[in-house]
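Peer 1: Let me see the structure of the following:
(one chain, ligands or ions: 1)
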Amino acid sequence: MTAAARDRVRPRADVALMAGYHSPQVDVDVRLNTNESPVPPPDGFLDAVAAAVGQVPWHRYPDRGATALRARIAALHDVDPAQVFVANGSNEVLQTLTLAYGGPGRAVAVFEPTYALHSHIARTTGTDVAEGERGEGFALDLAEVRRVVDEAAPAITYLCSPNNPTGVVEPPAVVEEVRDLVPGLLVVDEAYAQFAPWSALSLVDDDAPLVVTRTFSKTWSMAAARLGYLVGPTWVVEELEKVVLPYHLDALKQAAGVAALDFVGAMEERVSHLVEERGRLETALRDLPCEVWPSSANFILFRPTGSDGGRVWQDLLDRSVLVRDCSSWPRLEGCLRVTVGTRDEDDRFLTALREVLA
Ligand SMILES: *Cc1c(COP(=O)(O)O)cnc(C)c1O
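Peer 2: Reported below is the predicted structural model:
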């Protein structure tokens, strides 16, 4: 019966062939695999959210326009609330962008290696993926960008800055050049921008085909809340609002976002602490038999030399330390990615790695 029913009810052929999103969620002492903040939000934040729970009119749909939250985000970045679109994690922002600007007969351009969800979301929405290659040190190669753009005329071109999983930040001149080159929308995914020396937010303008996406998941210690947003031209936000599900952003999440924005100072302090810790971690990694890429994010990509990357990943896991295994990803043979944690977590990681590589 099951087999017969399953045979009759087929998913889209491309979906049937698709691999889902995989990142192991296992119980370990030291979790440095998904670039979350190593520390919970400030106490005051939790009190504010607890108070908000009591204020939510639970029998009513939430504010569809997320008015209060958008106004606060707009104030933070000194833009108009009509230039802000908020969703369930920046992944939903990316999906909404692709629903509005991608789809069958259209293409997105990505430059690999980069964040896997850019091409994954394209595929789930029936959008073609035009893949370009990064150059030396994973830097963007403008000749390659021109080639891909000329060939595929992408409706959406993705830059990820700082790039996940390499940590490379794109210089302003490169982003501006790509913006002027692409025939469609340029999406700059800035999930890690707070850790970087500059942001493409300064390039957002109603006359520029460029949007910047941000998330509360990484710097804001709010990965559990699933909250992200975009800053871009008002005419983009208007299109996104047409395709996103009505009332997609629940009332509690909106309140949590507003509460978080009362703690900008605390967040900035955490960021500078993590940037300092990143420097310490990078130096320590360079003392080990590893190739290490300089990072402008809250993680570091490294390749153990003379040891099998997948083996090292497993040996770390056996010592209750979980990092991201990129060792079998195309272009990243043998590489692992470690999130910057607390000093204590990073020391435990380094101790385990020294043991494993000895
Ligand atoms: C983590 C990450 C995101 C995901 O953000 P959510 O807001 O948690 O959906 C988006 N882009 C990049 C590059 C990331 O690494």
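Peer 1: list the contacts for Ile73?
Peer 2: Counting by C-beta atoms under 8 Å, 6 or more residues apart in numbering, Ile73 touches Pro81, Val84, Val86, Tyr229, Val231, Gly257, Leu261. Quick note: C-beta positions are derived from backbone N, CA and C, even for glycine.
Peer 1: element containing it?
Peer 2: Taking DSSP states H and E as the definition, Ile73 sits inside helix 67-77.
Peer 1: about what we covered before: in strands only, show me the contacts of Ile73.
Peer 2: Counting by DSSP state E, those place Val84, Val86, Tyr229, Val231 in strands.
Peer 1: Find the pair from those residues with maximum spatial separation.
Peer 2: Val86 and Val231 (10.4 Å; C-beta to C-beta).
Peer 1: Show the pLDDT at the most centrally placed residue in the chain.
Peer 2: Residue closest to the average C-alpha location in the chain (C-alpha atoms, centre = their mean): Ala191, at 4.4 Å. We have a pLDDT of 98 for Ala191.
Peer 1: Next, count neighbours for the nearest residue to it once chain neighbours are set aside.
Peer 2: Using C-beta to C-beta, 6 or more residues apart in numbering and skipping residues adjacent in sequence, the residue nearest Ala191 is Thr215, 4.9 Å away. Using other C-beta atoms under 10 Å, Thr215 is surrounded by 23 other residues.
Peer 1: Now for the residue in the stretch 1-150 of the chain that the ligand sits nearest to: which residues touch it?
Peer 2: Per C-beta to the nearest ligand atom, the residue of the stretch 1-150 of the chain with the smallest distance to the ligand is Gly89, at 2.7 Å. The neighbours of Gly89, taking C-beta under 8 Å, 6+ apart as the test, are Thr215, Ser217, Arg226, Leu227, Gly228.
Peer 1: Could you list every helix and strand that the helix or strand bottoming out on mean pLDDT in the chain packs against?
Peer 2: Using mean pLDDT, DSSP states H and E, helix 2-8 stands out as the lowest-scoring helix or strand of the chain, at a mean of 83. Applying 3 or more C-beta pairs under 8 Å, 6 or more residues apart in numbering; DSSP states H and E, we find helix 2-8 packed against no helix or strand.
Peer 1: Quick check: what element follows that helix along the chain?
Peer 2: Past helix 2-8, the next helix or strand by DSSP H and E is helix 13-16.
Peer 1: In the helix holding Ile73, which residues are buried?
Peer 2: Along helix 67-77, these residues count as buried under the neighbour rule (16 or more other C-beta atoms under 10 Å): Leu69, Arg70, Ala71, Arg72, Ile73, Ala74, His77.
Peer 1: hang on, the earlier thing: could you list the alpha-carbon positions for the least confident helix or strand of the chain in PDB?
Peer 2: This file holds the C-alpha atoms of helix 2-8, laid out as PDB (Å, rounded to 0.1, in the frame of the first residue of the first chain):
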ATOM      1  CA  THR A   2       2.600   2.500   1.100                       C
ATOM      2  CA  ALA A   3       4.800   1.700  -1.900                       C
ATOM      3  CA  ALA A   4       1.900   2.000  -4.300                       C
ATOM      4  CA  ALA A   5       0.800   5.300  -2.900                       C
ATOM      5  CA  ARG A   6       4.300   6.600  -2.900                       C
ATOM      6  CA  ASP A   7       4.600   5.600  -6.500                       C
ATOM      7  CA  ARG A   8       1.500   7.400  -7.500                       C
END
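Peer 1: What is the neighbour count of the nearest residue to Arg134 once chain neighbours are set aside?
Peer 2: Excluding the flanking residues, the one nearest Arg134 by C-beta to C-beta, 6+ apart is Phe111, at 5.4 Å. Using other C-beta under 10 Å, Phe111 has 26 other residues around it.
Peer 1: Need the contact partners of the helix or strand hosting Phe111.
Peer 2: Here Phe111 sits within strand 107-112, counting by DSSP H and E. Residues outside strand 107-112 that contact it (C-beta under 8 Å, 6+ apart): 98, 102, 118-119, 122, 127-134, 140, 144-145, 148-149, 152-159, 182, 330-331.
Peer 1: Which residues of this protein lie near the ligand?
Peer 2: Residues of the chain that fall close to the ligand, judged by C-beta under 6 Å from any ligand atom: Asn35, Gly89, Ser90, Asn91, Tyr115, Cys160, Asn164, Asp189, Ala191, Thr215, Ser217, Gly228.
Peer 1: hang on, Gly279 in a helix?
Peer 2: Yes. Using DSSP: H, G, I helix; E, B strand; the rest coil, the assignment for Gly279 is a helix.
Peer 1: Go ahead and build a PyMOL selection from the buried members of the contacts of Ile73.
Peer 2: Under the burial definition 16+ other C-beta under 10 Å, those of the contacts of Ile73 that qualify are selected in PyMOL by:
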select buried, resi 81+84+86+229+231+257+261
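Peer 1: Among the contacts of Ile73, which one lies nearest to Gln314?
Peer 2: When the contacts of Ile73 are ranked by distance to Gln314 (C-beta to C-beta), Tyr229 comes first, at 37.3 Å.
Peer 1: Val237 versus the nearest residue to that closest one once chain neighbours are set aside, what's the distance?
Peer 2: Take Tyr229 and drop its neighbours on the chain: the residue closest to it by C-beta to C-beta, 6+ apart is Val86, 4.5 Å away. Applying C-beta to C-beta, to the nearest Å, the value for Val86 to Val237 is 10 Å.
Peer 1: Just the ones of the contacts of strand 107-112 in strands?
Peer 2: Per DSSP E, the contacts of strand 107-112 map to strands at Asp128, Val129, Ala130, Glu131, Gly132, Glu133, Ile156, Thr157, Tyr158, Leu159.
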